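Novice: no sequence on hand, only this structure:
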């Protein structure tokens with residue numbers, strides 16, 4: 001089956017002028033949409049004599065970015081980024097090379113600016129093209145005396161990323177379990193809710209409300225999704241509540257992602273007085289003022 005070249009030309013806006021350019025994410029979505037549309041049109045037209053299976057139909061209608069025939073070894077895709085974005089691109093390329101060449105791949109340390117989701121996306125990007133290509137490179141030129149960086153995305157990097165993700169997953173699974181005392185039951189805590197804050201106050205249905213709870217002297221930061229927050233949440237301030245969810249320990253601090261909040265019923269005031277009198281060693285038969293005087297004498 002012969003291959004024929006066609007041209008896709010984007011005009012107007014940034015695509016015209018002294019430095020024509022098109023946003024990479026926009027171009028990616030455009031090419032993906034055109035590829036899907038051409039395939040669906042081909043399916044509607046029906047199979048030709050050269051195509052006798054759905055797999056051959058998909059392959060025969062696949063669009064390619066074609067390099068100059070004189071290159072022969074690679075398809076070069078020129079790119080551009082602003083001065084403000086160049087440090088991020090350089091850090092990205094440098095981080096990729098650092099992970100690949102690291103002599104301590106069992107370390108949990110990540111390159112500056114990198115997160116676990118970024119590593120997963122890099123691995124997914126390589127896996128997408130691995131079946132047809134050996135890899136790809138990103139070349140960042142030398143600027144202002146800073147050395148150039150060439151990041152090579154290949155099988156060696158894939159192995160390094162898989163090891164890094166496995167190490168991170170093992171650390172997460174072996175994280176120490178929070179100490180349990182008589183006020184903490186599994187992933188539930190019981191305590192006084194003494195502070196609240198809404199970082200997304202402009203939207204009543206989005207974001208989380210941050211609540212601080214004192215569970216018998218132990219401070220907890222709790223995140224409560226607004227969609228499950230009780231309508232009278234503000235009335236529960238300085239009240240005793242039970243919160244259930246997923247417990248985390250981050251930076252030495254206890255955190256709970258709340259799935260359920262339940263206020264404890266207020267104590268009957270008569271019973272509260274009875275407990276107070278009993279604790280003071282008195283009786284309800286004597287005047288309450290006498291009991292209070294006795295308590296104050298103890299405090300003095």
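Specialist: Now that the structure is in, tell me what you want to look at. Because the structure is predicted, anything quoted here is derived from the model rather than measured.
Novice: OK, contacts around residue 148?
Specialist: With contact taken as C-beta atoms under 8 Å, 6 or more residues apart in numbering, residue 148 is in contact with 139, 140, 141, 142. Every residue, glycine included, has its C-beta placed from N, CA and C.
Novice: now it: how far from residue 114?
Specialist: Distance, residue 148 to residue 114, by C-beta to C-beta, to the nearest Å: 20 Å.
Novice: out of the contacts of residue 148, who has the most neighbours?
Specialist: In terms of neighbour count, residue 140 stands highest of those at 20 neighbours, by other C-beta atoms under 10 Å.
Novice: hey, which helix or strand in the protein has the poorest pLDDT?
Specialist: Within the chain, confidence by mean pLDDT, DSSP states H and E is lowest for strand 184-185 among all helices and strands, at a mean of 38.
Novice: which SSE is immediately downstream of that strand?
Specialist: strand 188-198 (DSSP states H and E).
Novice: for whichever helix or strand comes after that next one, buried residues please.
Specialist: Downstream of strand 188-198, the next assigned helix or strand under DSSP H and E is strand 208-215. For strand 208-215, the neighbour count (16 or more other C-beta atoms under 10 Å) marks 208, 209, 211, 213, 214, 215 as buried.
Novice: could you dump those residues to a markdown table with pLDDT and distance to residue 225?
Specialist: Compiled in a markdown table, these are given as follows (pLDDT from 0 to 100; distance: C-beta to C-beta, whole Å):
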| residue | pLDDT | distance to residue 225 |
| --- | --- | --- |
| 208 | 84 | 6 |
| 209 | 87 | 8 |
| 211 | 87 | 12 |
| 213 | 87 | 16 |
| 214 | 84 | 22 |
| 215 | 79 | 20 |
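Novice: all strands for the chain, in order.
Specialist: Along the chain, counting by DSSP state E, strands occupy 136-140, 149-153, 184-185, 188-198, 208-215, 218-225, 240-250, 253-263.
Novice: in CSV: the ones you listed, plus distance to residue 121.
Specialist: Output for these, formatted as CSV (distance: least, C-beta to C-beta, whole Å):
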stretch, distance to residue 121
strand 136-140, 14
strand 149-153, 12
strand 184-185, 37
strand 188-198, 31
strand 208-215, 25
strand 218-225, 25
strand 240-250, 23
strand 253-263, 24
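Novice: wait, which of these is closest to residue 160?
Specialist: strand 149-153 (10.8 Å; C-beta to C-beta).
Novice: now that closest one: buried residues?
Specialist: Those would be 149, 151, 152, 153, for strand 149-153 by 16+ other C-beta under 10 Å.
Novice: kindly present those residues as TSV, with separate columns for pLDDT.
Specialist: Converted to TSV, these look like this (pLDDT from 0 to 100):
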residue	pLDDT
149	91
151	91
152	91
153	92
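Novice: which one of those is nearest to residue 253?
Specialist: residue 151 (36.1 Å).
Novice: you'd agree residue 122 is up against residue 161?
Specialist: Yes - using C-beta atoms under 8 Å, residue 122 is in contact with residue 161, at 6.2 Å.
Novice: what are the structural domain limits within this structure?
Specialist: Split into domains by automatic domain parsing, the chain comes to 1-68, 81-174, 184-263, 269-299.
Novice: would you turn these into CSV with distance to residue 75?
Specialist: Listed next are these as CSV, based on distance: least, C-beta to C-beta, whole Å:
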stretch, distance to residue 75
domain 1-68, 4
domain 81-174, 9
domain 184-263, 43
domain 269-299, 78
